[in-house]
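**Q** Let me see the structure of the following:
(4 chains)
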2 protein chains.
Amino acid sequence: MDINQIIDTIYPLTTNSKNLLKESIIKTKLPKGHVLFKANEIESTMYFIKKGIVRAYAYSDDNQITFWFGKEGSPIVSMQSYVNNQKGYEEVELLEDCELYALKTDKLQQLYLKDFQIANWGRKFAEFELIKSEERLISLQFNTATERYLALLKNYPSILQRVQLAHIASYLGITQVSLSRIRANLK
Amino acid sequence: MDINQIIDTIYPLTTNSKNLLKESIIKTKLPKGHVLFKANEIESTMYFIKKGIVRAYAYSDDNQITFWFGKEGSPIVSMQSYVNNQKGYEEVELLEDCELYALKTDKLQQLYLKDFQIANWGRKFAEFELIKSEERLISLQFNTATERYLALLKNYPSILQRVQLAHIASYLGITQVSLSRIRANLK
DNA sequence: GAAACTATTTAACAAATGATAAAAAAGAAA
DNA sequence: TTTCTTTTTTATCATTTGTTAAATAGTTTC
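**A** Numbers count the residues shown, from 1 in each chain, chains lettered A, B, ... in the order given. Sure thing, here's the model as predicted:
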């Protein structure tokens, strides 16, 4: 997905502001398995996914628990770093070879204080992420594991081809054994 | 909690911008039991809580499931209305007599496009709500019901004195019977 | 293709939670 | 206080999910 489309979907900018923003964005390629963010670090870069799929996870005891998947068009941000300049708890791993757009967050913060349009773009960015977060929260709190699994397949049919079931299970808040059982019962 | 403090905690504004924002804010009192937001409506007002406590809930079949508590200083917003001008799924009920600051969201949207400071204020507002939503999501996905109950008590010790256990149970994602059992086991 | 490795499923039992009903406790009203 | 109502707890049994271990299926490497 092209960077122009990604930017405009969030909030359409005038040519001037858009160029200002794009000046700070660099395209990069990184291989499958690369760990983009590490836990307990302040991340200075955010990304948008041009091509590929990634997961964010955190450790609970020794277990990795996946709590987010990103695909084409998704932003990759460590929210604690982005918002509060503090260490985050999450790690982000590339599940496929990826093409990413990289953006230094300190540059973005400067633009927020300099450019009116970009400030509103940043507002809409946070608002849309908030909507997504709320939807996921409601789904975790209201629906059973089976319902969440079916909803995930509906919203993202190709995920089974792209992501291991172990990651999907922890994303759903259950063990892999439980997911296997759920899948067996659906047949 | 005073409106100046609420505004400044989100993002400190210059006197000018702050007055502009405060011009659109009206103080109101509403009684315990009042339903502030109804499901399937576009809400045109957002609030900040000066005094009191409220809950947001949605229906799952015939059951009300509480997914958020607001207390002094909290904003009350129907996110779907606020962000997308669409109907929300939530209802908001006052659990105590409340003093609220009311703000018409269309006025706020106008200010976002007119005042640079207020645009950045709105950005920080969404960012902080996003941080809170992510924290809650992680807690639902990573922790057991017992852990979530203990964390709630720690973060909000007076909640037991102010909110019925039935609301707390559904907030934790369990039945009231389960919560009773957890409380009994902790003794 | 065989061996080695990884991912997924199945099995068996334990622990946690749900559902329903009833009892007990707490609070409100007469 | 006494009664009535609401809230919370307890008890019982069903269902779901967790844990551990083993079996099967799928991939990669030589």
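
**Q** can you give me the helices for chain A?
**A** A:3-10, A:15-23, A:79-84, A:105-114, A:116-142, A:145-155, A:159-162, A:165-172, A:176-186 (DSSP state H).

**Q** neighbours around the closest residue to A:Pro31 other than its chain neighbours, how many?
**A** Nearest non-adjacent residue to A:Pro31, counting by Cβ to Cβ, 6 or more residues apart in numbering or on different chains: A:Asp97, 5.4 Å away. Every C-beta, even on glycine, is put in place using the N, C-alpha and C of the backbone. By other Cβ atoms under 10 Å in any protein chain shown, the residues close to A:Asp97 number 14.

**Q** right, and A:Asp97 touches A:Thr28 too?
**A** No - checked against Cβ atoms under 8 Å, the pair A:Asp97 and A:Thr28 is beyond contact range at 11.6 Å.

**Q** coming back round to it: can you put the helices of chain A in JSON lines and add mean neighbour count, distance to B:Lys154 and mean pLDDT?
**A** What follows is these, written out as JSON lines (neighbours: other Cβ atoms under 10 Å in any protein chain shown; distance: least, Cβ to Cβ, whole Å; pLDDT from 0 to 100):
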{"stretch": "helix A:3-10", "mean neighbour count": "15", "distance to B:Lys154": "36", "mean pLDDT": "97"}
{"stretch": "helix A:15-23", "mean neighbour count": "14", "distance to B:Lys154": "41", "mean pLDDT": "97"}
{"stretch": "helix A:79-84", "mean neighbour count": "20", "distance to B:Lys154": "20", "mean pLDDT": "97"}
{"stretch": "helix A:105-114", "mean neighbour count": "15", "distance to B:Lys154": "31", "mean pLDDT": "97"}
{"stretch": "helix A:116-142", "mean neighbour count": "21", "distance to B:Lys154": "20", "mean pLDDT": "97"}
{"stretch": "helix A:145-155", "mean neighbour count": "15", "distance to B:Lys154": "27", "mean pLDDT": "95"}
{"stretch": "helix A:159-162", "mean neighbour count": "12", "distance to B:Lys154": "36", "mean pLDDT": "93"}
{"stretch": "helix A:165-172", "mean neighbour count": "20", "distance to B:Lys154": "25", "mean pLDDT": "97"}
{"stretch": "helix A:176-186", "mean neighbour count": "13", "distance to B:Lys154": "29", "mean pLDDT": "96"}
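
**Q** Among the ones you listed, which comes closest to B:Ile168?
**A** B:Ile168 sits nearest to helix A:116-142 of all those, at 13.0 Å, using Cβ to Cβ.

**Q** close to DNA strand C, is that closest one?
**A** No - remark: helix A:116-142 sits outside contact range of DNA strand C, by Cβ under 7 Å from any atom of the strand, the gap being at least 10.1 Å.

**Q** how far does that helix sit from the chain's center?
**A** Its chain's C-alpha centre and that of helix A:116-142 lie 12 Å apart, by Cα atoms, centre = their mean, to the nearest Å.

**Q** Does it reach DNA strand D?
**A** No - with Cβ under 7 Å from any atom of the strand as the criterion, DNA strand D is not reached by helix A:116-142; the gap is at least 11.5 Å.

**Q** angle of that helix against helix B:116-142?
**A** Here the directions of helix A:116-142 and helix B:116-142 differ by 20 degrees (axes from the mean of the first three to the mean of the last three Cα atoms, to 10 degrees).

**Q** near chain B, anything from helix A:116-142?
**A** Yes - residues of helix A:116-142 contacting chain B under Cβ under 8 Å from any Cβ of the partner chain: A:116, A:119-120, A:122-123, A:126-131, A:133-134, A:136-138, A:140-142.

**Q** what residues does chain A put near DNA strand D?
**A** Residues of chain A lying near DNA strand D (Cβ under 7 Å from any atom of the strand): A:Thr144, A:Ala145, A:Thr146, A:Gly173, A:Ile174, A:Thr175, A:Val177, A:Ser178, A:Arg181, A:Ile182.

**Q** State the distance from A:Ser74 to DNA strand C.
**A** 22 Å (Cβ to the nearest atom of the strand, to the nearest Å).

**Q** what's near enough to touch the closest residue to that residue other than its chain neighbours?
**A** Once flanking residues are discounted, A:Ser74 sits nearest to A:Ile49: 5.1 Å by Cβ to Cβ, 6+ apart. By Cβ atoms under 8 Å, 6 or more residues apart in numbering or on different chains, the contact list for A:Ile49 reads A:Met1, A:Gly70, A:Lys71, A:Glu72, A:Gly73, A:Ser74, A:Pro75, A:Ile76, A:Cys98, A:Glu99, A:Leu100, A:Tyr101.
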